[in-house]
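# model the following, please.
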Amino acid sequence: MLTNYLNIAWRNLVRHKTNTGINVIGLAMGLAACLLLVTYLKHELSYDAFHANANRLVRVTMEYSADGQVGKVPTTGTKVAPELGRQFSEIESGVRLINAEGVVQVGDKQFSEKALLYADSAFFSLFTFPLLKGNAQQALAGPNLVVLSEATAAKYFGTQNPVGKVLKVNTGGPADKYFTVTGVVANCPANSQIKYDLVASFTTLRASKTEEWWSANYGTYLLLRSPEALAPLQAKIGPFMKSPAAATEMTGGDYLTYNLEPIRRVHLQSEVGGLFEPNGDLTYVYVFGIISLLILLIACVNYINLATARAVERAQEVGVRKVLGAEQSQLFGQFMGESLLVTGAALGLGLLLAGLLLPLFNDLSDRRFTVAGWLNPGWVGLVLGIGLVVALVAGGYPALLLARFRPMQALQGRMALGGNSLRRGLIVFQFAITAFLIVSTLVVRNQLSFIQTKKLGYNRDRVLVLPATQQVADKISTLKSEFKRNAGVAQVSLAYESPVFVNGGYSMHRADRPESQNKLVTGLVIDADFIKTMGIRLLTGEDLTTADMARVNDLAVDSLDRFRFILNEAGARAMGWTPQTALGQAMNVNGRAGKVKAVVADFHFASLKQQIGPLVLFHQGGGNVILVKTGGGQLPETLAALERTWKQLLPNQPFAYQFMDQEFNSLYTSELRTGRIFSVFAFLSIFLGCLGLFGLSAYTTAQRTKEIGVRKVLGASVMSIVTLLSKDFLTLVGIAFVVAAPLAWWAMHRWLQDFAYRVDIAWWVFALAGVLAVGIALLTVSFQSVKAALMNPVKSLRSE
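Coordinates of the predicted model:
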């Protein structure tokens with residue numbers, strides 16, 4: 001019996017090749033898209049789950065208040081882990097981490113490393129990063145010790161055992177350091193928020209010798225004695241930080257406290273940023289999950305529509321089988337067998353498509369997934385489960401509908417299916433999804449275009465950002481003069497950070513007011529060429545000069561008037577000044593006393609998700625980046641000349657750079673990724689919707705062949721016939737758009753609230769989306785309509 005059902009199912013599928021092809025291709029594309037998106041979602045949701053102690057690990061973030069302003073950062077001072085460990089029995093252990101960049105020399109080879117992680121000796125006890133060579137307890141148990149990742153060890157030493165080897169490292173200080181390799185650790189998993197290529201002992205740093213609350217440059221992680229200890233520990237930290245024992249020097253309503261985040265929640269649900277890579281966003285996880293489901297539903301709708309449309313043709317088959325004794329359950333099993341065959345073929349094709357498209361999806365999602373990652377029992381079970389659900393969803397209703405036919409009515413051709421309303425509803429549902437994705441894609445792309453083109457208050461175009469160690473800073477004057485001898489270089493500046501995203505957190509107060517009236521401010525250390533290099537507009541006052549820079553370290557200068565500050569407009573307002581009255585005012589920035597020399601126009605020094613806040617610019621020596629403003633054409637020649645100059649002056653420093661535009665785009669990684677995915681899957685939803693509409697219109701047109709022939713004989717024009725066949729479908733698409741438009745507006749309005757600076761959702765977005773949805777549907781339906789309208793009426797009538 002089973003063999004007979006399979007044979008009948010196979011013959012039926014082969015006999016109707018067009019419908020079968022549409023169903024298989026549509027389901028295959030929907031399944032492929034779903035599998036790729038589920039791969040991404042599974043990766044995002046699995047962050048840090050590989051740690052054996054994941055349920056007991058927490059990250060500590062810092063919260064503080066100054067004069068009513070509250071700040072939250074993902075970093076802490078060096079005192080947090082040891083002091084909280086001494087005070088609270090709920091804590092088993094803790095580590096402090098800080099990432100650094102440096103130049104590593106191995107023999108006569110140099111390597112520029114951006115992921116050099118300093119960590120306390122308990123690092124390998126807290127986190128599950130398995131050592132391949134070396135002893136986990138002793139690997140970081142002293143100064144100047146380092147553990148290499150497997151990839152880094154191979155890069156430095158090939159197949160040799162690196163344990164015991166010595167590396168010469170410069171991380172920006174005046175002198176090189178020598179590290180002994182004590183182990184090799186497995187490469188960092190892609191789903192880890194902590195990233196490293198080298199892990200060095202924290203005791204190497206001078207910061208490890210003292211404990212401070214306020215040197216907030218370090219990541220702090222704690223291992224709790226039990227998962228249940230989190231809530232009681234959090235409740236104790238606030239009162240302790242307010243007690244005299246904490247000695248935080250906070251007075252009045254100001255406070256300093258710490259919040260605990262379970263490590264599994266950090267990547268997607270943290271209130272503050274990531275330490276080693278940008279955090280993900282749980283909202284986008286939900287969005288991509290919904291998109292994957294909607295794409296699959298569109299493919300299922302195609303199957304349901306075509307299967308129910310063809311039900312009348314199969315009515316007599318059902319009637320004969322019932323007369324011959326077939327039971328309803330047997331008929332249901334037969335038609336579900338057809339659904340399983342179609343879904344099985346689609347699943348196989350979908351897996352092939354997903355494998356072929358995986359490299360493109362990696363570029364789209366900025367991840368590095370592999371087919372090998374799918375080859376495990378859990379993933380195979382998930383794929384088979386998705387296939388089974390699709391078979392039941394897509395084939396269940398048509399199979400039930402066909403199995404319930406009454407045999408006498410079926411044989412007499414007097415069937416009243418009642419499925420027309422369902423098909424209409426499914427078409428509306430299908431194109432509502434498509435319209436929603438079209439509107440969302442247009443809004444997302446409009447916002448991203450706004451971000452890319454918005455005037456930021458500084459000029460980031462064709463600006464190079466080069467890392468600067470102390471050795472580089474020591475030669476900055478010579479380097480500047482040599483760089484500017486090149487006709488392609490307009491300006492050069494040394495600063496602690498580029499203006500794209502300034503991290504420095506300070507407090508400032510007016511000299512004529514109590515120190516307790518501090519204002520939180522972002523600070524950036526610059527030199528006298530920074531304003532000119534970045535094209536920032538001075539509103540009042542004058543730029544810094546070399547004389548202003550020299551007085552900072554001149555002990556003969558009055559210590560209360562040593563610094564010259566440049567405020568932005570927001571900074572001047574925070575201090576109670578206008579740009580004009582701010583000039584010459586005495587103020588203090590974290591113990592640096594001096595006067596305001598200028599006020600610049602507000603510029604964006606953080607993501608457009610944040611309002612422009614108070615900013616102070618000042619000089620105190622040194623810097624971490626060199627900013628080179630290039631001009632005109634011949635950029636490759638300019639870069640080559642800069643590299644030659646660099647290697648002549650700094651032979652021990654690799655010439656590494658990136659454009660400031662790249663830094664800027666990295667602020668919007670999630671948004672850019674979302675825009676790309678929205679665009680691709682909106683197109684896919686349109687294609688799948690049109691595929692189903694094409695099959696349904698072809699079937700409907702074929703059913704009305706005789707009617708079309710009669711109308712043509714009676715003088716109907718091609719346009720009137722096309723209108724007749726198309727208007728019902730276009731009406732449904734119009735209804736779908738009316739349903740989708742307010743939902744899309746609400747969703748996109750919510751999404752845009754994340755941006756302090758954003759576009760309005762313009763009327764033309766909906767007009768364009770509507771035109772696209774209706775136009776694409778019209779083209780799809782018209783293909784069949786025009787073909788039918790142009791058919792010879794004699795042939796149409798004879799075919800009946």
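# ranges for the strands of the stretch 251-400 of the chain?
If you assign secondary structure with DSSP state E, counting those that start in this stretch, the strands in the stretch 251-400 of the chain sit at 255-262.
# please read the previous query as pertaining to the stretch 101-250 of the chain.
For the stretch 101-250 of the chain, the strands defined by DSSP E, counting those that start in this stretch cover 109-119, 131-133, 145-149, 166-170, 177-185, 198-201, 219-224.
# who's in contact with the residue most central in space within the chain?
Averaging the C-alpha coordinates of the chain gives a centre point, and the residue nearest to it by CA atoms, centre = their mean is Ser670 (2.5 Å). Ser670 makes contact with 278, 280-281, 284, according to CB atoms under 8 Å, 6 or more residues apart in numbering. All C-beta spots, glycine's among them, are computed from the backbone N, C-alpha and C.
# what's the helix or strand for it?
For Ser670, the enclosing helix or strand under DSSP states H and E is helix 669-703.
# next, the distance between the ends of stretch 67-78.
25 Å (CA to CA, to the nearest Å).
# again with stretch 645-655
This stretch, stretch 645-655, spans 10 Å end to end (CA to CA).
# contacts for it?
Counting by CB under 8 Å, 6+ apart, stretch 645-655 makes contact with 103, 105, 110-112, 170, 466, 469, 471-472, 475, 478-479, 482-483, 486, 642-643, all of which sit outside it.
# before we move on, back to that, and the contacts of Ser670, which is closest to Asp512?
Using CB to CB, Pro278 is the member of the contacts of Ser670 that lies nearest Asp512, at 41.4 Å.
# please verify my assumption that that closest one contacts Thr669.
Yes: Pro278 is within contact range of Thr669, at 5.3 Å (criterion: CB atoms under 8 Å).
# for stretch 349-357, buried residues please.
349-351, 353-354, 357 (16 or more other CB atoms under 10 Å).
# quick one: neighbours of Ala235, just the number.
Burial measure for Ala235: 9 neighbouring residues, criterion other CB atoms under 10 Å.
# roughly how far does it sit from Ile612?
When distance is defined by CB to CB, to the nearest Å, Ala235 is 36 Å away from Ile612.
# could you tell me which residues make contact with Phe530?
Neighbouring residues of Phe530 by CB under 8 Å, 6+ apart: 493, 495, 536, 544, 617, 627.
# OK, contacts around the third one?
Okay, so that is Ile536. Shown in contact with Ile536 (CB under 8 Å, 6+ apart): 457-458, 499, 530, 600-601, 603.
# now do the fourth one
Applying CB under 8 Å, 6+ apart, we find Leu544 in contact with 526-528, 530-531, 564, 566, 597, 617, 619.
# drop anything exposed from the contacts of Ile536.
Burial of those was assessed by neighbour count (16+ other CB under 10 Å); the buried members are 457-458, 499, 530, 600, 603.
# quick one: Gln430 from Ile686, how far?
As judged by CB to CB, Gln430 and Ile686 stand 10 Å apart.
# the two - which one has more neighbours?
Neighbours were tallied for Gln430 and for Ile686 using other CB under 10 Å; the higher tally belongs to Gln430 (27 against 22).
# show the pLDDT at Val272.
The pLDDT attached to Val272 in the predicted structure is 86.
# brain fart, Val312
Model confidence at Val312 (pLDDT) stands at 58.
# and if you look at Asn187?
The pLDDT attached to Asn187 in the predicted structure is 94.
# next up, phi/psi of it, please.
Here the main-chain torsion angles of Asn187 (degrees, to the nearest 10) amount to phi -60, psi 140.
# before we move on, what about Ile194?
Ile194 has phi and psi values of phi -90, psi 120 when expressed as degrees, to the nearest 10.
# show me which of the contacts of Phe530 is closest to Tyr64.
Lowest distance from Tyr64 to the contacts of Phe530 (CB to CB) belongs to Leu617, with 22.5 Å.
# and the closest residue to that closest one other than its chain neighbours, how many residues sit next to it?
Nearest non-adjacent residue to Leu617, counting by CB to CB, 6 or more residues apart in numbering: Ile566, 4.1 Å away. Per other CB under 10 Å, the neighbour tally for Ile566 reads 27.
# gap between Ile566 and Leu555?
24 Å.
# what does Trp214 give?
26 Å.
# between those two, which is the more surrounded one?
Each of Trp214 and Leu555 has its neighbours counted (other CB under 10 Å); Trp214 has more, 16 against 6.
# the more buried one against Gly77, yeah?
Yes: distance between Trp214 and Gly77: 5.5 Å, which falls inside the contact criterion (CB under 8 Å).
# if we can go back for a sec, closest one of the contacts of Ser670 to Leu31?
Within the contacts of Ser670, the smallest distance to Leu31 is 22.0 Å, found for Tyr284 (CB to CB).
# check contacts around that closest one.
Tyr284 is in contact with 670, 673-674, counting by CB under 8 Å, 6+ apart.
# which one is Asn55 nearest to, not counting chain neighbours?
The shortest distance from Asn55 to any non-neighbouring residue, by CB to CB, 6+ apart, is to Pro227 (4.6 Å).
# secondary structure added to the buried ones among the contacts of Ile536, as CSV?
Compiled in CSV, the buried ones among the contacts of Ile536 are given as follows (DSSP: H, G, I helix; E, B strand; the rest coil):
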residue, secondary structure
Gly457, coil
Tyr458, coil
Pro499, coil
Phe530, helix
Val600, strand
Phe603, coil
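# so which of the residues you listed is the closest to Phe50?
Of all these, the one sitting nearest Phe50 is Pro499; the distance, using CB to CB, is 37.5 Å.
# residues contacting the closest residue in space to Ile263 that isn't next to it in sequence?
Distances taken as CB to CB, 6+ apart put Leu57 closest to Ile263, at 4.1 Å, once the chain neighbours are dropped. Residues counted as contacts of Leu57 (CB under 8 Å, 6+ apart) are 48, 51, 126-127, 221-224, 262-263.
# show me the protein divided up by domain.
Under the assignment automatic domain parsing, the domains of the chain span 1-46+279-417, 54-269, 463-666.
# burial of Ala139, as a residue count?
Around Ala139 sit 25 other residues, with neighbours defined as other CB under 10 Å.
# any idea how far it lies from Ile304?
When CB to CB is the yardstick, Ala139 and Ile304 sit 60 Å from each other.
# can you redo the contacts of Ile536 as TSV with distance to Leu148 and pLDDT?
Shown next, in TSV, are the contacts of Ile536 (distance: CB to CB, whole Å; pLDDT from 0 to 100):
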residue	distance to Leu148	pLDDT
Gly457	43	93
Tyr458	39	93
Pro499	35	93
Phe530	37	95
Val600	45	96
Ala601	47	96
Phe603	41	95
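# out of those, which is nearest to Gly734?
Each of these was checked against Gly734 using CB to CB; the closest is Gly457, at 44.9 Å.
# against Phe603, how distant is that closest one?
Taking CB to CB as the criterion, Gly457 is separated from Phe603 by 2 Å.
# got the buried residues for the helix or strand encompassing Thr18?
For Thr18, the host element (DSSP H and E) is helix 17-45. Buried residues in helix 17-45, counted by 16+ other CB under 10 Å: 19-20, 22-41, 43-45.
# rewinding a little: give me the pLDDT for the residue nearest to Leu617.
Residue-level confidence at Ile566 comes out at 97, pLDDT.
# close enough to count as contact, it and Ile531?
Yes: Ile566 sits in contact with Ile531 when judged by CB under 8 Å, with a separation of 7.5 Å.
# can you pull the residues that touch both of these two?
With contacts taken as CB under 8 Å, 6+ apart, the residues that reach both Ile566 and Ile531 are 543-544, 600, 617.
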